[in-house]
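1. how would this look folded up:
(one chain, ligands or ions: 2)
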Amino acid sequence: MESNSDKLVIFDTTLRDGEQSPGASMNVSEKLRIAKILEKLNVDVIEAGFPIASKGDFEAVFNISSNIKNSTICALARAMDKDIDAAGEAIKPAESSRIHTFIATSEIHMQKKLNMSKDEVVSQAIKSIKRIKKYTNDIEFSPEDAGRSEFDFLSRIIEKAIDAGANTINIPDTVGYNIPEQFGDLVKRLIHNVPNSDKAIFSVHCHNDLGLAVANSLSAVMNGARQVECTINGLGERAGNASLEEVVMTVKTRQDIFPCDTRINTKHIVPASKLVSSITGFPVQPNKAIVGANAFAHESGIHQDGVLKHRETYEIMKAQDVGWLENKLVLGKHSGRNALKTRLSEIGHEIKDSNELNILFKKFKDLADIKHEIYDDDLHSLISNSSSEESSLAYNLVNIRSISDSKSEPYSEIMLEKNNKSFESKSNGGGPVDAAFKAIEKIVGSNSKLQLYSVNNITDGTDSLGEVTVRIEKKGIIVNGIGSDTDIVIASAKAYLDAINKLNMKEKIVHPQLDHV
Ligand code: KIV
Ligand code: ZN
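-> Ligands and ions are numbered 1, 2, ... in the order given. This is a model prediction of the structure:
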């Protein structure tokens with residue numbers, strides 16, 4: 001179908017709001033890898049982070065600004081001088097840059113969180129927008145909690161923000177409270193009511209607390225919004241944000257209804273989803289639209305017969321259009337470095353650094369020794385291994401021996417290494433994984449609480465790689481660890497160590513919306 005001429009700007013906030021999901025924090029090199037795949041997707045704007053939050057966040061935004069050329073790099077800033085200055089410095093190297101500033105406008109947020117009057121909120125917003133001009137003319141303003149703000153006040157602050165120089169006005173449904181008809185109507189009335197609304201692009205940022213983030217965003221698009229803020233896999237604070245893949249594919253599939261289209265290269269959607277899932281340790285549910293393992297699987301005989309006769313009987317999109325490749329058996333024990341590099345690039349992972357390729361090649365050979373047949377999904381899993389193991393402060397797993405039979409208590413012996421020192425311990429446990437975790441804990445002494453443990457198989461068959469996700473918490477800091485191996489006890493030990501290493505490296509991060517001083 002012909003696409004429509006009006007442009008819908010895709011603003012991806014996986015690296016900022018997505019990172020606010022519990023445990024989804026990423027290090028600088030992981031963020032850069034995600035930014036690169038977002039650039040391949042042709043995302044218009046990448047919200048790369050909140051630079052005042054921590055040194056790591058600043059560095060990530062700076063790094064992404066230095067390396068990404070085809071997307072605008074945006075940094076978030078509360079309406080405060082120090083936030084704006086940090087954002088401005090972090091985006092300096094970018095070819096195209098934006099600063100996104102926000103302040104809450106709902107009665108409950110202004111009274112209980114900010115302790116500010118309406119007039120104070122308006123003047124703070126204006127002052128901040130003017131300050132941003134020192135750094136960039138691409139200025140986005142969000143009245144936080146717009147979905148619960150009083151309409152006349154919202155109109156007033158938006159008019160003033162545009163007058164002060166904001167050229168994108170983002171309407172956040174911060175707590176995911178709105179429903180599609182109401183939210184679409186809000187956007188329509190704002191565009192109609194604000195006298196200078198033609199000087200800005202209206203954007204929406206919807207949270208998924210009631211499962212309506214995508215529906216609300218699309219309703220806003222039908223009513224005049226021309227930017228949608230979204231994340232890969234719908235990652236984000238609490239129940240998440242609108243999912244990029246669902247927004248983009250709905251608009252593309254229903255060009256008979258939507259008066260606009262995106263410039264997203266949809267073939268990179270599935271690789272992007274897999275990368276984000278494996279880096280953050282948030283698995284994708286099998287029945288998730290577009291990127292879930294079952295999204296294009298036809299279980300029932302009737303459907304299979306129909307699809308074989310004529311694909312459109314039961315399919316409204318082509319799996320290949322969103323980047324589902326046949327999970328090809330591509331490599332084996334005898335494949336060389338070049339074959340690995342080529343296939344990795346075909347499935348969306350460009351490896352330019354020869355050291356990185358050597359490390360991956362070694363992991364690939366080790367896996368091929370055990371598994372013989374290596375599929376694309378095995379490669380996705382290999383590549384996702386956390387980079388925490390590269391630090392000298394990190395524990396590495398040297399060996400694990402676990403014994404479990406039906407007559408005795410499971411038992412585990414562990415050998416770890418950190419900064420050229422080795423550590424050994426042993427423990428019994430309620431199961432082999434429990435025994436391994438207890439043995440590790442004796443060495444690392446993290447005193448953390450296990451919040452989540454899950455195992456997924458990467459490919460079919462009993463020799464498949466098992467991918468384990470572990471989430472641990474200590475003093476309010478939450479991290480996810482991931483590990484994969486054909487032996488799930490080893491995968492579990494790797495995931496636990498990955499989480500421990502992340503916990504040890506994690507610095508206190510300022511939360512943009514909760515720490516408002
Ligand atoms: O949900 C929200 O309101 C936000 C703002 C910072 C835009 O994330
Ligand atoms: Zn948000």
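2. doesn't Phe153 lie inside a strand?
-> No: going by DSSP: H, G, I helix; E, B strand; the rest coil, the assignment for Phe153 is helix, not a strand.
3. burial measure for it, as a count.
-> Phe153 has 17 neighbouring residues, counting by other CB atoms under 10 Å. C-beta coordinates here come from the backbone N, C-alpha and C atoms, glycine included.
4. so how far is ligand 1 from the closest residue to it other than its chain neighbours?
-> The spatially closest residue to Phe153, leaving aside those adjacent along the chain, is Lys118, at 5.8 Å (CB to CB, 6 or more residues apart in numbering). Counting by CB to the nearest ligand atom, to the nearest Å, the gap from Lys118 to ligand 1 is 18 Å.
5. cool, Gly348 as well?
-> Counting by CB to the nearest ligand atom, the gap from Gly348 to ligand 1 is 28 Å.
6. do Pro180 as well
-> 18 Å.
7. and the helices in the stretch 201-350 of the chain?
-> Along the stretch 201-350 of the chain, counting by DSSP state H, counting those that start in this stretch, helices occupy 213-222, 244-253, 269-280, 301-309, 337-346.
8. would you turn these into JSON lines with distance to ligand 1, mean neighbour count and mean pLDDT?
-> Output for those, formatted as JSON lines (distance: least, CB to the nearest ligand atom, whole Å; neighbours: other CB atoms under 10 Å; pLDDT from 0 to 100):
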{"stretch": "helix 213-222", "distance to ligand 1": "10", "mean neighbour count": "25", "mean pLDDT": "98"}
{"stretch": "helix 244-253", "distance to ligand 1": "15", "mean neighbour count": "23", "mean pLDDT": "98"}
{"stretch": "helix 269-280", "distance to ligand 1": "17", "mean neighbour count": "24", "mean pLDDT": "91"}
{"stretch": "helix 301-309", "distance to ligand 1": "38", "mean neighbour count": "12", "mean pLDDT": "66"}
{"stretch": "helix 337-346", "distance to ligand 1": "34", "mean neighbour count": "16", "mean pLDDT": "85"}
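9. what's the weakest-modelled helix or strand in the protein?
-> Across the helices and strands of the chain, mean confidence by mean pLDDT, DSSP states H and E is lowest for helix 301-309: a mean of 66.
10. now Gln451: which helix or strand?
-> strand 449-457 (DSSP states H and E).
11. give me the contact list for the next helix or strand after that strand.
-> Scanning forward in sequence from strand 449-457 by DSSP H and E, the next helix or strand is strand 466-474. Applying CB atoms under 8 Å, 6 or more residues apart in numbering, the contact partners of strand 466-474 are 22-23, 278, 281-283, 381, 446-458, 478-488, 491-492, 494-496, 498-500, 503.
12. tell me what the next helix or strand after strand 466-474 is packed against?
-> Proceeding N to C from strand 466-474, the next assigned helix or strand is strand 477-485, under DSSP H and E. Packing partners of strand 477-485 (3 or more CB pairs under 8 Å, 6 or more residues apart in numbering; DSSP states H and E): strand 466-474, helix 488-505.
13. about what we covered before: buried subset of the contacts of strand 466-474, written for ChimeraX?
-> To isolate in ChimeraX the members of these that are buried, counting by 16 or more other CB atoms under 10 Å, one can use:
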select :22,23,278,281,282,283,381,448,453,456,457,458,478,479,480,481,482,483,484,485,486,488,491,492,494,495,496,498,499,500,503
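14. from ligand 1, how far off is Gln285?
-> Distance from Gln285 to ligand 1, by CB to the nearest ligand atom: 23 Å.
15. for Ile370, see how far away that residue is.
-> 29 Å (CB to CB, to the nearest Å).
16. for the stretch 51-200 of the chain, what lies in contact range of ligand 1?
-> Phe102, Ser142, Glu144, Pro172, Thr174 (CB under 6 Å from any ligand atom).
17. reformat those as CSV; add secondary structure.
-> Formatted as CSV, these follow (three-state DSSP):
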residue, secondary structure
Phe102, strand
Ser142, strand
Glu144, strand
Pro172, strand
Thr174, coil
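18. count of residues packed around Asn355?
-> 8.
19. should've said Ala125
-> Neighbours of Ala125 under the rule other CB under 10 Å: 24.
20. double-check that it belongs to a helix.
-> Yes: in this structure, Ala125 lies within a helix as judged by three-state DSSP.
21. now for it: which residues touch it?
-> Ala125 touches Ala79, Thr101, Ile103, Phe141, Pro143, Ile157, Lys160, Ala161, Ala164, counting by CB under 8 Å, 6+ apart.
22. was I right about the residue nearest to Phe153 contacting Asp152?
-> No: Lys118 lies out of contact with Asp152 (CB atoms under 8 Å); the separation is 10.1 Å.
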